[in-house]
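>>> Need a 3D model of the following:
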Amino acid sequence: MIKRLIIWYLMVLSVLSVASAVVLRQVWPEHYPSLLYIIPLFFTVMLVVMIWLKNLNEKKGRDRSIFFLSYRIVKILLAIILLLVYFTAVGTELLAFAVVFMIFYLCLSMLETTLFMKEEKKG
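Numbers count the residues shown, from 1 in each chain. Got it, this is the predicted structure:
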């Protein structure tokens, strides 16, 4: 399950990264955030965090629902921290960055949820 999740996650992340860069450069070049690359980097780190939490959960023999809950909580907290740091440190193109971040967050959360639900039905 985890290998399939990693492959799908990285494929969707790649498509979203290219699409967001192209759309912002072509449609709204004046609103292109200079640190847009932070968004795919953040979600790549979240993939590593997800794998780490899953392995930790399995090692301790806990129920899968504990992994789902802990991952979602960690993900939302780290997302809030990233947005707050970006908003206070950079202070420009906040709306464009926040909208692109939200699109990434929602798309990848839907993918994770779908794959987690399929895994739960199997197991």
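>>> remind me, longest helix of this protein?
helix 94-122 (DSSP state H).
>>> Buried residues of that helix, list them for me.
Residues of helix 94-122 classed as buried by neighbour count (16 or more other C-beta atoms under 10 Å): 96, 97, 100, 101, 104, 105, 108, 111, 112, 115, 116. (C-beta placed from N, C-alpha, C; glycine too.)
>>> If you count contacts, what does the one helix or strand residue 73 maps to end up packed against?
Using DSSP states H and E, residue 73 sits within helix 64-89. For helix 64-89, the packing partners by 3 or more C-beta pairs under 8 Å, 6 or more residues apart in numbering; DSSP states H and E come out as helix 38-59, helix 94-122.
>>> any idea of the mean pLDDT in the last one?
Spelled out, that is helix 94-122. Here the mean pLDDT over helix 94-122 is 90, rounded to a whole number.
>>> what does the first one give?
Here helix 38-59 scores 93 as its mean pLDDT.
>>> Contacts for it next, please.
With C-beta atoms under 8 Å, 6 or more residues apart in numbering as the contact definition, helix 38-59 has outside contacts at 2, 5-6, 9-10, 13, 16-17, 20, 64, 66-67, 70-71, 74-75, 78-79, 82, 86, 97, 100-101, 104, 108, 112.
>>> For residue 62, grab the count of nearby residues.
Neighbour count of residue 62, defined by other C-beta atoms under 10 Å: 12.
>>> got a list of what it touches?
Contact partners of residue 62, counting by C-beta under 8 Å, 6+ apart, are absent.
>>> Isn't residue 83 up against residue 102?
No. When contacts are counted by C-beta atoms under 8 Å, residue 83 is not listed as touching residue 102 (9.5 Å).
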